[in-house]
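Asker: Show me how the following folds:
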Amino acid sequence: MNNTEGFNDSERQKALRMSFIAGLFDVIITVAAFAFSNSSVLLADFLKTTIEFIAVLLSLLAMRKVCKGADSNFEYGLGKLENLSSMFVGTTMALSFMIITGMAFKNIIHPEHITGFGLWISIFSQTLYFFINGMLSLKNSRAAKLGASPIMAAQARLFLTRFIGNLFILLSLVLSMSLKDFHWSVYIDPAASLMIAFAIFLSTIGIFKNSFMDLLDKTLEENHQIIILGELALCFNEYEQIHGIRSRRSGNKVYIEIFIEFDPEKKVSEITQTIAKLSSSISQKIAGSSVTIGVTPPATA
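Answerer: Next up is the predicted model:
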């Protein structure tokens, strides 16, 4: 039995689809802004936006696979799929960091004033997407917390960095254009790029850290183990003994297997009722859990 409160897989897929549509229009606008300007920060914005759009697309494809479910042979693999997709998002963000940093240092060494109609296109788009990316970051963050989803957590960080990027790019353009009479204003553009790159770098570290650790199968935390033992203790009069408890975490999924011995004289309906009660109570208290209870025959002399 699986119980995930809050955002389910279908709702997470819907949130990713919204992110995909917003990202597609963002790519189109950044292409136009870069094409009609000589700003290095707009070139970096175009490359970063394109890479991030590809990451959102792959995350959407991965979530569609998760929504289809899995058979008994590959059930554990879906958790891994989410984590691998999250690591790809982190990889694209690391690539964005390197591109932006390289462009920033190039323009520090060879500075020039930014010009072109594309600057005004970018000012409009940065203002618009400042609000859009902020909203998407909050929405994906809520989905990640309620559903314990690595994909949504990665998307929340991704849109948070885009939100921060919109702010710095907007400030960079406004300051560069309004202070162009000062010779030092040529360094505003690359300086803003470095600040964006630093924000991306911090988020990339967080994504790799969380996703890599989740890729390693591990037993449940102690508080969850206590929950399982507590539910078994409440039903101790309904079975003879416990022959084993196995648990593992794979991505955002929790798998629990319990092996119980019942009194041979006990009716099948009573055994079934006990198993259903235990499965329901444990899955309700441990989000994203799949509980399997096996009946172990009594030992023969």
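Asker: after the least confident helix or strand in the chain by mean pLDDT comes which helix or strand?
Answerer: Least confident helix or strand, the chain: strand 2-3 with a mean of 40, by mean pLDDT, DSSP states H and E. Going down the chain from strand 2-3, the next helix or strand is helix 9-35, by DSSP states H and E.
Asker: What are the buried residues along the helix or strand following that following helix?
Answerer: Later in the chain than helix 9-35, the nearest helix or strand by DSSP H and E is helix 40-68. Neighbour-count burial for helix 40-68, with 16 or more other C-beta atoms under 10 Å as criterion, is recorded at 40-53, 55-56, 58-60, 62-63, 66. The C-beta positions use only the backbone N, C-alpha and C, and glycine is treated the same way.
Asker: got it, and stretch 168-187?
Answerer: By neighbour count on 16+ other C-beta under 10 Å, the buried set for stretch 168-187 is Phe168, Ile169, Leu170, Ser172, Leu173, Ser176, Met177, Ser185, Val186.
Asker: I'd like to know which elements the helix or strand containing the fifth one is packed against.
Answerer: Assignment of secondary structure by DSSP H and E places Leu173 within helix 150-178. If you count contacts as 3 or more C-beta pairs under 8 Å, 6 or more residues apart in numbering; DSSP states H and E, helix 150-178 packs onto helix 9-35, helix 40-68, helix 77-109, helix 118-147, helix 188-215.
Asker: so for the third one, what's the average pLDDT?
Answerer: Averaged over helix 77-109, pLDDT sits at 73.
Asker: and this protein, what are its domains?
Answerer: Segmentation of the chain into domains, based on automatic domain parsing, reads 2-215, 222-295.
Asker: How far away from the center of its chain is the longest one?
Answerer: Distance of domain 2-215 from the chain centroid (C-alpha atoms, centre = their mean, to the nearest Å) equals 12 Å.
Asker: cool, and the last one?
Answerer: With C-alpha atoms, centre = their mean as the basis, domain 222-295 stands 30 Å off its chain's centre.
Asker: For the nearest residue to Tyr187 once chain neighbours are set aside, pull up the helix or strand it's in.
Answerer: Nearest residue to Tyr187, sequence neighbours excluded (C-beta to C-beta, 6 or more residues apart in numbering): Pro111, at 6.1 Å. Pro111 is part of no helix or strand, with elements assigned from DSSP H and E.
Asker: Run through the residues that contact the closest residue in space to Glu240 that isn't next to it in sequence.
Answerer: Nearest residue to Glu240 in three dimensions, chain neighbours excluded: Glu261, at 4.6 Å (C-beta to C-beta, 6+ apart). Glu261 makes contact with Tyr239, Glu240, Gln241, Ile242, His243, Val295, Thr296, Pro297, Pro298, according to C-beta atoms under 8 Å, 6 or more residues apart in numbering.
Asker: Could you do Thr296 as well?
Answerer: His243, Phe259, Ile260, Glu261.
Asker: Could you export those residues to JSON lines, including columns for pLDDT?
Answerer: Output for those, formatted as JSON lines (pLDDT from 0 to 100):
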{"residue": "His243", "pLDDT": "80"}
{"residue": "Phe259", "pLDDT": "85"}
{"residue": "Ile260", "pLDDT": "87"}
{"residue": "Glu261", "pLDDT": "86"}
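Asker: By neighbour count, which of those residues wins?
Answerer: Of these, Ile260 is surrounded by the most neighbours, 22 neighbours in total, counting by other C-beta atoms under 10 Å.
Asker: For it, which three-state class applies?
Answerer: What DSSP: H, G, I helix; E, B strand; the rest coil gives for Ile260 is strand.
Asker: quick one: it from Thr272, how far?
Answerer: Ile260 is 12 Å from Thr272, where distance means C-beta to C-beta, to the nearest Å.
Asker: Could you check what's spatially nearest to Leu95, not counting adjacent residues?
Answerer: Among residues not flanking Leu95 along the chain, Ile51 sits closest, at 5.9 Å (C-beta to C-beta, 6+ apart).
Asker: next one: Phe117
Answerer: Nearest non-adjacent residue to Phe117 (C-beta to C-beta, 6+ apart): Phe36, at 4.6 Å.
Asker: State the phi and psi torsions of that neighbour.
Answerer: Main-chain dihedrals, Phe36, degrees, to the nearest 10: phi -110, psi 30.
Asker: change the start of the numbering to 777 and stick with it
Answerer: Shifting the count to begin at 777 puts that one at Phe812.
Asker: contacting residues for it?
Answerer: Gly892, Phe893, Gly894, Ile897.
Asker: which stretch of helix or strand covers Asn1059?
Answerer: Careful, residue 1059 is Ser; it's not Asn. Taking DSSP H and E as the definition, Ser1059 sits inside helix 1044-1061.
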